[in-house]
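In: Got a predicted model here, sequence first, then my questions.
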Number of protein chains: 2
Amino acid sequence: MTTEAQVSGPAVPTSEAKAALRPVGVRDVLLTAGPLAQWQRLNEQTSIPLGLKQLEAAGNLHNLRLAAGTAQGEFRGPRFMDSDVYKQVEAVAWALAVNADDDLTAFVDEVGSLLEKAQRDNGYLNSYYQVVKPDEVYDHLEYSHEMYCAGHLIQAAVAAARVGAGAKLLEVARRFADHLVDEFLTRDNPGIDGHPEIETALVELYRLTGHQPYLSLASKLIDDRGKGAIVSSGMGAHYLQDHLPVRDADTAIGHAVRQLYLDAGVVDVYLENGDESLLECSVRRWEDMVARKTYLTGALGSRHSHEAFGDRYELPPDRAYAETCAAIASIHWSWRLLLATGEARYADLIERTLYNAFAGSTSADGERFFYVNPLQRRADHLEGDDPGRRNPWFSCACCPPNIMRLVATFGHYVATTSDAGVQLHQFVPGTVQAGAAKFSVETDYPWNGTVRIRIDETPDDEWTLAVRIPQWDSANDAGTYRTFTRAWKPGDEITVELDLAPRLVHPHRRIDAVRGSVAMERGPLVYCFEQVDQSADVEDLVLAPDAELRVRDAEDLAGVGRTVLIEANAGKLQHEDSAWPYSTSRNDGLTAEPVTATAIPYFQWDNRDGRAMRVWLPLA
Amino acid sequence: MTTEAQVSGPAVPTSEAKAALRPVGVRDVLLTAGPLAQWQRLNEQTSIPLGLKQLEAAGNLHNLRLAAGTAQGEFRGPRFMDSDVYKQVEAVAWALAVNADDDLTAFVDEVGSLLEKAQRDNGYLNSYYQVVKPDEVYDHLEYSHEMYCAGHLIQAAVAAARVGAGAKLLEVARRFADHLVDEFLTRDNPGIDGHPEIETALVELYRLTGHQPYLSLASKLIDDRGKGAIVSSGMGAHYLQDHLPVRDADTAIGHAVRQLYLDAGVVDVYLENGDESLLECSVRRWEDMVARKTYLTGALGSRHSHEAFGDRYELPPDRAYAETCAAIASIHWSWRLLLATGEARYADLIERTLYNAFAGSTSADGERFFYVNPLQRRADHLEGDDPGRRNPWFSCACCPPNIMRLVATFGHYVATTSDAGVQLHQFVPGTVQAGAAKFSVETDYPWNGTVRIRIDETPDDEWTLAVRIPQWDSANDAGTYRTFTRAWKPGDEITVELDLAPRLVHPHRRIDAVRGSVAMERGPLVYCFEQVDQSADVEDLVLAPDAELRVRDAEDLAGVGRTVLIEANAGKLQHEDSAWPYSTSRNDGLTAEPVTATAIPYFQWDNRDGRAMRVWLPLA
């Protein structure tokens, strides 16, 4: 059962691609309830309108008008301001795939017209370089973000095309892409962009148009990496993954988002050209990253300095950078690996990232966002230091529009098809149209572990419904797909029961930063202890490895909404001061007074006050 | 027994100062053996000559010649390049206090002449602003470093004056100081410098000259802090300690070196004007810092981002910023508190910082320096990331010349005098002239705990010799001064036995980053485990809290020189991999194979190879 070549999703391999699984479109999956559906609605009703306002307020559209000659004034913001416009347009396009909206359609058209005016005759388009540094085009690819911005433009245009909006956008994007092909492929300019993103975008444009040079350029940009083509921008070659050819690099390194976008592009090129060495090196880096550089929440990037991956097992919860965009890029990468291989582990990481590192980025009201997503905030942490509280926008906006475009495409990540049948990767109540089959999912996941799937439409032939049993589940087949093969009839139903008993998890012994501590999970959700829920100072709480855990439903917790809390029998250590915090006597003999510690899903933190939070509690 | 008002040291309160103790001069203490004396010799023979070459190579002197009109070309390096020249001149001056050297004297004179030529008629002097931004003088005090550079000039000039060198330097410095007084005191310009340093320098210039306006300006610059006088440089008011008035700020915060220089100035102003509220607030911050923001090595600054103090108890060993200059500034601050109060705890912190955080900054050959001094380096840590290995110099030089000026003044920190007698704070073999008393110290400290003090000259009257018993010692009077009151006669001897049994130390339970780990100390030395000394991967070592520790003398360890190693009965955990580093089962039940783990003093690390190092080992 294969799906049509072009579906309304952001990553849609061609029918010739080396894909084990085929995606369904954003509009093929209707999310009707649960936190993801709720977030998607909030995205449409609150976040996207906010984003549109911010693009005016922050000057992104103004900059493009300067380039178009329709406005006067100074360029505003960092040099990659255009990219926020493109991410926003992409978010709007995917939102339109689900719900028609005249205002949003008009916005896409307006941007298309504006870009058409701003674009140079040769196809080049970048408001910063056109307005501020017209003589330095492509002179500083190491930091210019010119191809990075082009990549986001292309993704926006592809999205618009796939949902049938913004015809001008695609024309503009193709002219720019043709210009890039001319400049960097035909003329064999050795330049590559300091910030990957163009690679995956060019592959998608190839998928949409069938125009081979786009794929060839993407492939060249990946092959040329790690050969010293980039003049250092002062942060070292590994910062922008130019330290080694992609086939030789064993570990995710340097600026996290750069590495992750690059690897998404690597897998995209593999999918279309079948070069196994690309898949191999990408899987190798993914495995190393997941085993040694990934936070419990799925978050990535251990260092504020250079927004970078750290050493192996360097995973501080308090100083985690854990950029929201890194979570997004991780989902993009894992998704492509899932399509390429069909292995459940990629969908497992997507789920973990989606419900924790990524979901934590946005406030319950959809109006504020984290750029940085740590696993601990101390009581005396400064508001002014990252990540303080969530903000409505950032001077380098980056994350909020990126959040919006992913939220708008949730449907894309729920199910796939293959010759054998349909795979259900994520559990969201709603309906799924997968090729000729259609089914409904009924569940209160992630709050409840019962998932009922009812067949609504089906071809007559036998096919297999494969349901991911998450790696965290207690069933024997956890971490694989449970398969149901039948000649299905409308009305057929299957039920999967996932084990949502709360569990305590321990870190690998090499993760120095959380040694001797324990965290709590339930289903796909990582939990955290916020000060607002405790009777004791959150820094004084300790947990026994066999602590009794009690689940407590909360239909509408103030500021948070629907949630499930977990209460644990915990200890409160006596608070002791000392003039010097190192001693020849161990202080773990401190008496602990019994208290109840209450945990809330990590993704719901910081919706009530700005006080302390911990994911990891010391062991009693 | 008081000393003359002007002694050859960098911090010399006036005879009217509120000082419990009075310093002796750099030239009053002769260091003859042991690591500090050896370092001082290396400083004179290797580091200072290297520094002089680097000032030419990096362009610091070139910049001043541009300002003087005696050279052509472009300004080179960051805007505070002059400060490295001044720190270097100060180092040279103090070196001259101990050993005459015609070349070094000539260097001081040459710089004096160069500065005289470069200085504007109104007294202003800053090569960057004179050459690059002549119209922006004092326009950007938040980041300009103009007064910061002036402070280092003043300190260099005071040093030269106190050792009888470089008369022109003092004239230049006074003209600049008079200009600052005119600009910021007389005209009541509200500006204060984004980087403190001028405050302590102005107090010292007041001490040297008796010119009251210098003290008044220092006092004003401190009083004006925290009132919003500084336009933000984008990193928040707390970054440069402008978030609160100094009397209201409870904790060391923001850029560590800025905070520490500021507090040195706060105590200096207290010493001279007797404003108790200044001493109170500074002691309050010192106590909070020592209890909650100080590394075992005495190092300060937990974050690479903003080179800043972290939250309370945020003390990651791997990502410690622990800037060398912060250790230097900490010694400056504690020294002034020691002079003000006479309390042993300040000398204790000086000793810890001196032998660990500070001493680790310089290679055994005196040719390479750490800017950043972490307590852990993993095997896969990148050379290109701070702190990789020690470097001969830095694009922002900063630390190396600062190291040199402190090393040249070691003698200043050894002993003090008071009406009651003489206080011995640091144990260094050599001779001490303290007022009318002179004594010899015989010891192999820090390798051996026996300290013999023999009186060589003495007044006839009874006086008290007070010897600091370090806080880490096992004696009942540890953390205080052991006093010996007599009518001394030449040839009289006392002996103090310090307990150099190696000891294991545990961190305060709130220091998340080293929970469940243990470190090793012996005397004033913190130890570390370098890969080069181990039979197992250093990341696999674990230590029992009652591990047997054996001391092993090494007269000349290759690359390191004289040292004392400590061997511990340790465990080597089996190396286990896992695809996902979090698990519901605890992995601390791993079997540990018995091995010997060998530790070397922290200050001697990174002298053999660039592999892994840990100060903290997990508990078995």
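Out: Everything's here; your move. Remember, it's a predicted structure, so these values are computed and weren't measured experimentally.

In: Report how many residues lie close to residue A:598.
Out: Close neighbours of residue A:598, defined as other CB atoms under 10 Å in any protein chain shown, add up to 19. To be clear about C-beta, it is placed using only N, CA and C from the backbone, and glycine gets the same treatment.

In: State the distance from it to chain B.
Out: 20 Å (CB to the nearest CB, to the nearest Å).

In: try residue A:398
Out: Per CB to the nearest CB, residue A:398 is found 17 Å from chain B.

In: quick one, phi psi at that residue?
Out: For residue A:398, the backbone dihedrals (degrees, to the nearest 10) come out as phi 50, psi -80.

In: How many neighbouring residues does it have?
Out: By the criterion of other CB under 10 Å, residue A:398 has 21 neighbours.

In: Name the nearest residue to it, ignoring sequence neighbours.
Out: Excluding the flanking residues, the one nearest residue A:398 by CB to CB, 6 or more residues apart in numbering or on different chains is residue A:325, at 6.0 Å.

In: State whether the one you found is indeed within a helix.
Out: Yes: Residue A:325 sits within a helix when classified using DSSP: H, G, I helix; E, B strand; the rest coil.

In: contacting residues for it?
Out: By CB atoms under 8 Å, 6 or more residues apart in numbering or on different chains, the contact set of residue A:325 is A:257, A:398-399, A:402.

In: tally of neighbours for the residue of the stretch 101-250 of chain A at minimum distance from chain B?
Out: Using CB to the nearest CB, the closest approach of the stretch 101-250 of chain A to chain B is made by residue A:236 at 4.1 Å. A count of nearby residues for residue A:236, using other CB under 10 Å, gives 18.

In: Then the one 3 residues further on?
Out: Here the count is done by other CB under 10 Å, and residue A:239 has 24 residues near it.

In: quick one: contacts for it?
Out: Contacts of residue A:239 (CB under 8 Å, 6+ apart): A:233, A:254-255, A:258, A:306, A:308.

In: tell me which of those is nearest to residue A:201?
Out: Closest to residue A:201 out of the contacts of residue A:239 is residue A:258 (14.5 Å), distances taken as CB to CB.

In: now the helices: where do they sit in the stretch 151-300 of chain A?
Out: A:167-180, A:198-209, A:212-223, A:256-273, A:276-292 (DSSP state H, counting those that start in this stretch).

In: Throw those into a markdown table and include mean pLDDT, thanks.
Out: Listed next are those as a markdown table, based on pLDDT from 0 to 100:
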| stretch | mean pLDDT |
| --- | --- |
| helix A:167-180 | 97 |
| helix A:198-209 | 98 |
| helix A:212-223 | 98 |
| helix A:256-273 | 98 |
| helix A:276-292 | 98 |
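
In: Switch the ones you listed over to CSV; also include mean neighbour count and distance to residue B:603.
Out: Converted to CSV, the helices of the stretch 151-300 of chain A look like this (neighbours: other CB atoms under 10 Å in any protein chain shown; distance: least, CB to CB, whole Å):
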stretch, mean neighbour count, distance to residue B:603
helix A:167-180, 22, 54
helix A:198-209, 26, 47
helix A:212-223, 21, 46
helix A:256-273, 27, 34
helix A:276-292, 18, 31
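
In: Including distance to residue B:49, could these go into TSV?
Out: Output for the helices of the stretch 151-300 of chain A, formatted as TSV (distance: least, CB to CB, whole Å):
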stretch	distance to residue B:49
helix A:167-180	53
helix A:198-209	51
helix A:212-223	49
helix A:256-273	42
helix A:276-292	45
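
In: okay if I get the ones you listed as a markdown table plus distance to chain B?
Out: Listed next are the helices of the stretch 151-300 of chain A as a markdown table, based on distance: least, CB to the nearest CB, whole Å:
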| stretch | distance to chain B |
| --- | --- |
| helix A:167-180 | 30 |
| helix A:198-209 | 24 |
| helix A:212-223 | 22 |
| helix A:256-273 | 14 |
| helix A:276-292 | 6 |
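
In: Good, wrapping up.
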